[in-house]
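*Asks:* Here is a sequence with its predicted model. Questions after.
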Amino acid sequence: MPARNDALKDRLSRDREINITVTGRKSGRAISIPVWFVWKDDKLYLLPVQGSDTQWYKNVLKKPSIRIDARGAEAELKVVPVTDTAQVSSVVEKFRAKYGTKDVKKYYSKFDVAVQAAV
């Protein structure tokens, strides 16, 4: 397992996008989508594009678990919603630092929640 975890952490430290799989809150089906992320201090941060209105975010509120795939390195992670304004702002700043303020402004429309997971 450690070698697999090292591969995952290596990819998270270098990649710009991962695929997450969530469980549909109504359908119960696995739903996969590509997302941007920030990896810092062994924590994975996700910022829903439409904030609390984002469908995958609503799904993780019901089942707080996601599967991530970083170019073949996979893991099942427990996630914690972040709703505290100061903590959400901190995540937004991490995204701006990684992807640039213009792109974050271009693609993200609401900054009221974030998601955190430990890897």
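*Replies:* All right, it came through fine.

*Asks:* residue ranges for the helices of this structure, please.
*Replies:* 2-14, 55-62, 85-99, 101-107 (DSSP state H).

*Asks:* Pull out the buried positions in the third one.
*Replies:* Just to be clear, that refers to helix 85-99. 88, 91-92, 94-96, 98-99 (16 or more other C-beta atoms under 10 Å). From N, CA and C alone the C-beta is placed, and that goes for glycine too.

*Asks:* picking that back up, let me have the helices of the chain in TSV, adding distance to residue 30 and mean pLDDT as columns.
*Replies:* Shown next, in TSV, are the helices of the chain (distance: least, C-beta to C-beta, whole Å; pLDDT from 0 to 100):
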stretch	distance to residue 30	mean pLDDT
helix 2-14	19	82
helix 55-62	10	98
helix 85-99	25	98
helix 101-107	24	97
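
*Asks:* Turn the ones you listed into a markdown table, columns for distance to residue 119.
*Replies:* What follows is the helices of the chain, written out as a markdown table (distance: least, C-beta to C-beta, whole Å):
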| stretch | distance to residue 119 |
| --- | --- |
| helix 2-14 | 7 |
| helix 55-62 | 16 |
| helix 85-99 | 15 |
| helix 101-107 | 22 |
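
*Asks:* Tell me which of these sits nearest to residue 34.
*Replies:* Evaluated over the helices of the chain, closeness to residue 34 peaks at helix 55-62, with 10.8 Å, by C-beta to C-beta.

*Asks:* I'd like to know which elements the closest one is packed against.
*Replies:* Packed against helix 55-62 by the contact rule (3 or more C-beta pairs under 8 Å, 6 or more residues apart in numbering; DSSP states H and E) you find strand 17-23, strand 30-36, strand 73-82.

*Asks:* hmm, try it at 6 Å
*Replies:* When contacts are defined as 3 or more C-beta pairs under 6 Å, 6 or more residues apart in numbering; DSSP states H and E, helix 55-62 sits against strand 17-23.

*Asks:* follow-up on the earlier one: mind putting the buried residues of helix 85-99 into TSV with distance to residue 110?
*Replies:* Output for the buried residues of helix 85-99, formatted as TSV (distance: C-beta to C-beta, whole Å):
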residue	distance to residue 110
88	10
91	13
92	11
94	17
95	13
96	15
98	19
99	16
